[in-house]
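*Asks:* Next come a sequence and a model predicted from it.
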Amino acid sequence: MGNRTLFLFLMIFICASETKAQSLLTGKVVDESTGEVLPGAIISLDNLFITKTDENGFFEMRLPEESSTLTISYVGFETYYIHPDQIKDSIEIFLVPLAVEMDEITITHSADSRFIRDSRTGVIEISTRESQFIPQFLGQTDLFKTLELMPGFQTGGEGDAAIYIRGGSFDQNLILLDGAPVYNPSHLLGFYSVFNPDIIRSVELIKSGIPVEYGNRLSSVINSTSSRNVSSEFSGGGSVGVLSTAINVETPFVENQLSVYGGFRRTHINMILGLMDEFDMVSSRSIEFESGYDFYDVNGGINYTPNRNHNLSLSFYKGRDIFTMHTPAILLDADMNWGNEILAFNWDHRINRSFSATHTLFYSDYDFEIELRNPAYDLLMHSGVNSVGHKSKIVYSTNHLSLHAGIDNKYQRFTPNSSRAGTESVDFDFGTVDRHYLGEYSFFAGFEGEVNARWLITAGLRLNRAVHYGPYRRFHYNDPGVLSDTTVFARGEVAERFTRPDYMLALRYLLSTGSSLKLSFNRNHQFTHMVNATTVAFPVDFWIASGADIPVQSGWQLAGGWYKISENRMFRFSVEAYYKESENHSEFDNYFMQSVDNTPLVESLVYGNGKMWGAEFLFSKNQGVWQGWLGYSFSKSIASIKEIENGRWFPTTNDRPHDVSLVVSYNHSEKWKFGGTFVYSTGRPYTPSIGRYFLENNVVSIYGARNSDRFPDYHRLDLSATRILRDTGKRYSALVFSIYNAYSRNNPFFIFPKVTGDLNEYNMSVEPYKVSIFPILPSISWQFRF
Amino acid sequence: MRNRLLYNCLLVGCMLALFGCEESPLDEVSHFQTELVVDGRIETDALAQVFITRTIPYYFDLDSSQMLDFVIRQARVEISDGENSEVLTLRFNERYFPPYFYQGRLMRGEPGKTYELNIRLGEMELTSTTTIPDMPVVDSAWFEPSNFDPELGTVSVRMINEPEQQLFYRFYTMVYSDSEVFHPSLLPNFDGRFFPEREMILSLNKGPSSFMKMEDAEFLFSASDTIVVKVCRMDREQYLFWESYQEEVFGGSNPFTAGNRQVRSNINGGLGNWGGFSVVHYHIYPREE
């Protein structure tokens, strides 16, 4: 194996050295309409020499002695050609947006070249601009809602904020905002993401072949970035809708060097309140139920570009969700609130012609609180995680070879469950709060090289060192489960350490200029877990660290696909298949109310293995008046846990065998644009009640096999119409009419037994009762940009 | 070109076939099967009581005659403390469901003793064991008027705890003007380890007679009531059972707390619970306080 790797390296270096480079061309590619740089633009010479712009829009290319026409292309822009006579050592290229395409839905996974030529499988990129005309929910475009429409991206269903990529669990997704981890990316039960589309420039989803610069997650990477361009003039935008208002502004401070931006969103009509009346979730007991929901978020940042070799940005995010429940019949009030705080500093540094570096410093915090109040007691439960970290990456690039290496360090503090409770006269003593402290130290290195015109190889290795620090108490129990001994680790003392390597390999074989085959393999480890203690996806989630009592998650994935683009570039088709396995995924196996004290959560956890496999098909049309895509994925996700039904394999809650999404946009005229989406997926599995019995004057459920039944299938149609009032390029104003769930499908959020009757009267019935949150929801919003 | 397309499709098809050959676990569907359910207890200075019923399918609509079909009246129920044993007698109480239950005549519960339960019904045999712990130490109990209405309030119980041990308690209350039946307080189970001091004061709300009748439930006692507090001490196994039971009946329909875990059981061959309690009764006369 070692010899083969050496051979590959030698081969790639030989290929690189054989390049007959006579002169070096450097340049920058810019959007002519906005002045923003265009990262990822493709520069090619005779289809032989190809490179792309970096994150700052720069590129370099060694030109052969006899040059021919240079082609610069970027999706949504007119292709630019430079005659050999016009080629200088350094050029700045302004691309003109395509009048029609710019405003249409465009899947940019990839610009044509990336779609076919990249070695990575399972990569989807979407920019905010390109998702503008997808039907909007509650008045805002949402990148996550757009990603949901792609094969392999699944959600929990109605009102479920969780994200499942190719059957993996939610915690196995590395979600980044400007390089900082985001522990909960959703507002409002998943209907908004925390990524304000007015601020975020693009989102990239990597489902397989995960690059080694990313670590500590098994399933996917969702990388969102805010704009890093220095604004040349004051600008702003926003939307005012039935349910939410958003506004953002950006202004330069030093011409072409320094600008500042900020954005704010919040719900201002609690329309959900009325809808939540359907939440009659405890109506089996005929209890009145009232609820309220609110959220806000704030983004801001500073971009500084002192010269063409440096780009510095500082960005922050703060958001909060507030959910209240009032059940007067049992004198119970519940308040929940949760949110993220993120601060990220990024420095992109172009060192010389071949070397560039990026550095990231970040702080991220997520917490949630739930407070339950009744006459008997008050209970406040808090859970949270915060992290501070640093990442540096150096890249060396030539025409046919790219090498990169870097370090990625992070220190995280977890507070899985911290509770306070008491009555009017006494406070309960729940003991010491259980906290976990985890340091992650990683080094990574990799390369991407073209062996010849058809073969491209990408490979990488990441060495991870994770250290679980004290203070920590490790409990030992005797057979009946009674505490027998405790080992105490002092602050800073090492309770456990792990060394785990991640690695990946990806191959691309070019069948023709318009089609390719790709294959990738990656092996990853994860030193964190997220445990959901409830059967629905309220954010009652506990983040915990691997350590003295909790094992490391690990997994691998093999994926391959065929990618085809039509000769006229109008149609794209791809099919990808994958197989994944994971080990040591955690599952909560206790009663929720028994976890509300400070008892270490580790006592409620069990661990098992998972298997996931599937295939994803995507057909898209990217030009013309009608555009859109049709996606279908078949997938299976099963798990085996020794403590649950003796290790029998059962479907995970992420198991969705069939998932279909159809997205269509129609550009009727300069004034009117229409869009529609239809989604269908198999209902999510749940553990049904299969029997009942009487005990102490109550009715008790008997539960069947784990996840042995399913919710009804989920399907929904959304429609939108956009009336453009004004569009001068710089100034834009439009009314967006949208209908969410156009035929008012009652997709269940929760199914529960409705019990009626009276035991003492000797009559009783139990019926299934289904709660749906959102019926048909029309909305209107005014969007503007100046 | 066509051949290449065919080749690629075959390749993907083979991959799918390779990956998709595993048997779907959903083929195994949960099946309901009838089991016997025991709700039995033996308390200090009291005769053992055992209710036996059958499980019923999940969704149902039962009238009075059908409900009685699920009550077991032909079982042989025997208890033993290792030295003595007794076969319980079928009795009838129309004010409670199930109305038929088995009760001892001679043996009364004693602290520190272990009691075995043996039930035979046709070919079926159910067994269980429970131990009655030492007596709880109750210092006092009193009516605590609420801030908003002195005629309504909670009950406070001052107890002597042993923090170095992990003691478990369950509380019932009875109001003479209601039904003369003990009902669990609103949150009836307590783990003594959360009370680091030797003296602990607990606040109890009135519990509903059933979680199926919450619309009529009152959670505060009236100052005109005569209240009896039944303080039960139990072992860890019983505490875990009653906590799992509480989770099911209190939160089974609430998405915050709904679970998918079976209520625990210590019955071999069936479901339910056979529990031993050491019990102290304390009378409260709010008007006289």
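*Replies:* It's in. Note that the structure is predicted; figures quoted are calculated from it, not measured. Numbering: from 1, shown residues only, chains lettered A, B, ... in the order given.
*Asks:* What ranges does the stretch 401-550 of chain A have for its strands?
*Replies:* In the stretch 401-550 of chain A, the strands defined using DSSP state E, counting those that start in this stretch lie at A:401-422, A:434-450, A:455-469, A:472-477, A:483-489, A:494-512, A:515-526, A:528-532, A:541-545.
*Asks:* The second one to strand A:455-469, inter-axis angle?
*Replies:* Using axes from the mean of the first three to the mean of the last three C-alpha atoms, to 10 degrees, the interaxial angle of strand A:434-450 with respect to strand A:455-469 works out to 160 degrees.
*Asks:* distance between strand A:434-450 and the chain's centre?
*Replies:* 19 Å (C-alpha atoms, centre = their mean, to the nearest Å).
*Asks:* before we move on, back to that, most tightly packed of the strands of the stretch 401-550 of chain A?
*Replies:* strand A:541-545 (a mean of 25; mean count of other C-beta atoms under 10 Å in any protein chain shown). (Glycine included, C-beta is placed from N, CA and C.)
*Asks:* who's in contact with that strand?
*Replies:* A:171, A:183-184, A:366, A:368, A:383-385, A:412, A:414, A:416-417, A:436-438, A:468, A:527-533, A:550, A:586, A:601-602, A:605 (C-beta atoms under 8 Å, 6 or more residues apart in numbering or on different chains).
*Asks:* Now find how far off-centre the helix or strand A:Y81 falls within is within its chain.
*Replies:* Assigned by DSSP states H and E, A:Y81 belongs to strand A:80-82. Its chain's C-alpha centre and that of strand A:80-82 lie 36 Å apart, by C-alpha atoms, centre = their mean.
*Asks:* buried ones in it?
*Replies:* A:Y80, A:I82 (16 or more other C-beta atoms under 10 Å in any protein chain shown).
*Asks:* Parallel or antiparallel, list what pairs with it.
*Replies:* In the sheet, strand A:80-82 lines up against strand A:70-73 (antiparallel) (DSSP bridges).
*Asks:* tell me the mean pLDDT for the partner strand?
*Replies:* What strand A:70-73 shows for mean pLDDT is 81.
*Asks:* ok, which stretches of the stretch 101-250 of chain B are strands?
*Replies:* Going by DSSP E, counting those that start in this stretch, the stretch 101-250 of chain B shows strands at B:114-121, B:124-131, B:137-145, B:152-160, B:168-175, B:183-191, B:199-204, B:221-222, B:227-234.
*Asks:* Mind listing what's buried along the third one?
*Replies:* Neighbour counts over strand B:137-145 (16+ other C-beta under 10 Å) mark B:A141, B:W142, B:F143, B:E144, B:P145 as buried.
*Asks:* surely the last one meets B:A223?
*Replies:* Yes - checked against C-beta atoms under 8 Å, the pair B:P145 and B:A223 is within contact range at 6.8 Å.
*Asks:* about what we covered before: out of the strands of the stretch 101-250 of chain B, nearest to A:V755?
*Replies:* Nearest to A:V755 among these is strand B:183-191 (17.8 Å), distances taken as C-beta to C-beta.
*Asks:* quick revisit: what residues are shared contacts of B:P145 and B:A223?
*Replies:* Looking at what touches both B:P145 and B:A223 (by C-beta under 8 Å, 6+ apart), the common residues are B:E151, B:L152, B:G153.
*Asks:* Any idea how many residues pack against the closest residue to the first one other than its chain neighbours?
*Replies:* So that's B:E151. Leaving aside its chain neighbours, B:E151 sits nearest to B:A223 (4.8 Å; criterion: C-beta to C-beta, 6 or more residues apart in numbering or on different chains). Neighbour count of B:A223, defined by other C-beta atoms under 10 Å in any protein chain shown: 18.
*Asks:* swap in A:S186?
*Replies:* With other C-beta under 10 Å as criterion, A:S186 counts 26.
*Asks:* Please name the nearest non-neighbouring residue to it.
*Replies:* A:S186 sits nearest to A:A161 (C-beta to C-beta, 6+ apart), 3.7 Å away.
*Asks:* Any figure for the gap between that neighbour and chain B?
*Replies:* 13 Å (C-beta to the nearest C-beta, to the nearest Å).
*Asks:* number of nearby residues for the closest residue to chain B within chain A?
*Replies:* Closest residue of chain A to chain B, C-beta to the nearest C-beta: A:G704 (2.7 Å). Neighbourhood size, A:G704 [other C-beta under 10 Å]: 20.
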